[in-house]
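**Student:** structural data only, the sequence is not supplied:
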C-alpha cells in the first residue's frame, strides 16, 4: 500500500492509486477506511462515477443505508442509466424496509 501512497503523492491528479488503496481496505473488510479513501476521490474528482459507486457499497456494509442512497443518487446524476446503481438503491431501501 505504501507504493500506492507514494504514487498518489507523486501525481495527485491520478485517481488510480487511491482507488487501489480503497480497494485494498475494502477487500480486508475495512469499510470505514475504504469509505474515507473513496470520499477523498469524490472530493478531488467529483465526476468519478466509480468513486460514488464504491463509496455507496462501503456505506451499505457499514449499515449507513440512507447515506448510501444519497451517494448513489449523486452517481445517477453522472450516469442516469446505471442499472447497478438502481439495484444498489433498491437494496438499501430493502434494508431500511422503506417500500415507498
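**Tutor:** Looks like it arrived, so ask away. Being a predicted model, the structure only gives us computed values, none of them experimental.
**Student:** going forward, measure contacts between C-alpha atoms and count neighbours the same way
**Tutor:** OK.
**Student:** hang on, residue 85 packs against residue 72?
**Tutor:** Yes - with contact defined as Cα atoms under 8 Å, residue 85 counts as touching residue 72 (6.2 Å).
**Student:** list residues touching both of the two?
**Tutor:** Both residue 85 and residue 72 are in contact with residue 53, where contact means Cα atoms under 8 Å, 6 or more residues apart in numbering.
**Student:** so where is the chain shaky, pLDDT-wise?
**Tutor:** Low-confidence segments of the chain, defined by pLDDT under 70, span residues 99-100.
**Student:** what are the ranges of the strands in this protein?
**Tutor:** Defined through DSSP state E, the strands belonging to the chain form an empty list.
**Student:** so what's the residue nearest the centre of it up against?
**Tutor:** Geometric centre of the chain, nearest residue: residue 55, 1.7 Å, by Cα atoms, centre = their mean. Counting by Cα under 8 Å, 6+ apart, residue 55 touches 34, 35, 38, 39, 68, 71.
**Student:** nearest residue to residue 57 in space, please, no chain neighbours.
**Tutor:** Counting by Cα to Cα, 6 or more residues apart in numbering, residue 57 lies nearest to residue 68, which is 7.3 Å off, once chain neighbours are set aside.
**Student:** so that neighbour makes contact with residue 52?
**Tutor:** No - between residue 68 and residue 52 no contact is recorded; they are 9.2 Å apart, counting by Cα under 8 Å.
**Student:** residues near the residue nearest to residue 20 when sequence neighbours are not counted, how many?
**Tutor:** Take residue 20 and drop its neighbours on the chain: the residue closest to it by Cα to Cα, 6+ apart is residue 4, 7.2 Å away. The number of residues packed near residue 4 is 15, by other Cα atoms under 10 Å.
**Student:** the one 10 residues further on too?
**Tutor:** Other residues within reach of residue 14, judged by other Cα under 10 Å, total 15.
**Student:** residue contacts, the closest residue to it other than its chain neighbours?
**Tutor:** Using Cα to Cα, 6+ apart and skipping residues adjacent in sequence, the residue nearest residue 14 is residue 8, 6.9 Å away. Remark: with contacts taken as Cα under 8 Å, 6+ apart, residue 8 is in contact with 14, 15, 17, 18.
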